[in-house]
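**Student:** sharing a sequence plus its predicted fold:
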Amino acid sequence: MSIRVHYDNVKFRLKRSGEVRRFLEKVIGEENRILGDLVFIFTGDEEMIKINRKFLEHDYYTDVISFDYGEGNRISGEIYIGCGTVKENAALYRVSYTEEVIRVMIHGLLHLCGYRDSNGKDRKKMIDRQEKWLEKYKEGKW
């Protein structure tokens, strides 16, 4: 079982990808899950809006979409990341592009761990968890 990274017609390449994968494996374990087959696909915004329209019936750009193929506690799925929207959000929130990429990778993974962000209470819980993990990554405390 593994975490793989694919690039779909984008220039972006994940820096220190081995370290990021090991960190995400740690997140999975700490969330009481088991790693199955997990793929992160970095793609462009036009592909993201097509996916969003087709599968979620949402007509807007987004930074991350998770497809859950797991069973029980096993984490398996695909997490699509829209590089353009991530770049815009990094500028908007005044953080580095790399930090925002890690944030959305964590966010997508937390969806596969069962976290939801469809209402205020659930969203706060998920964002708090996401930011906790991001801080641990940035500080190297994992």
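**Tutor:** Structure's in. What do you need? Note that this is a predicted model, so its numbers are computed, not measured. Residues are numbered from 1 along each chain as shown.

**Student:** for residue 21, see how far away the residue positioned nearest the centre of the chain is.
**Tutor:** In the chain, the residue lying closest to the centroid (Cα atoms, centre = their mean) is residue 105, at 2.3 Å. Using Cβ to Cβ, to the nearest Å, residue 105 is found at 10 Å from residue 21. (C-beta placed from N, C-alpha, C; glycine too.)

**Student:** with residue 3 instead?
**Tutor:** Taking Cβ to Cβ as the measure, residue 3 and residue 21 are separated by 5 Å.

**Student:** could you do residue 127 as well?
**Tutor:** Distance, residue 127 to residue 21, by Cβ to Cβ: 23 Å.

**Student:** these two: who's more crowded?
**Tutor:** Between residue 127 and residue 21, residue 21 has the larger neighbour count (other Cβ atoms under 10 Å), namely 19 against 15.

**Student:** so that one, which state does it fall into?
**Tutor:** Classification of residue 21 by DSSP: H, G, I helix; E, B strand; the rest coil places it in helix.

**Student:** got it, and residue 41?
**Tutor:** strand.

**Student:** also residue 136?
**Tutor:** Here residue 136 is helix, with the state taken from three-state DSSP.
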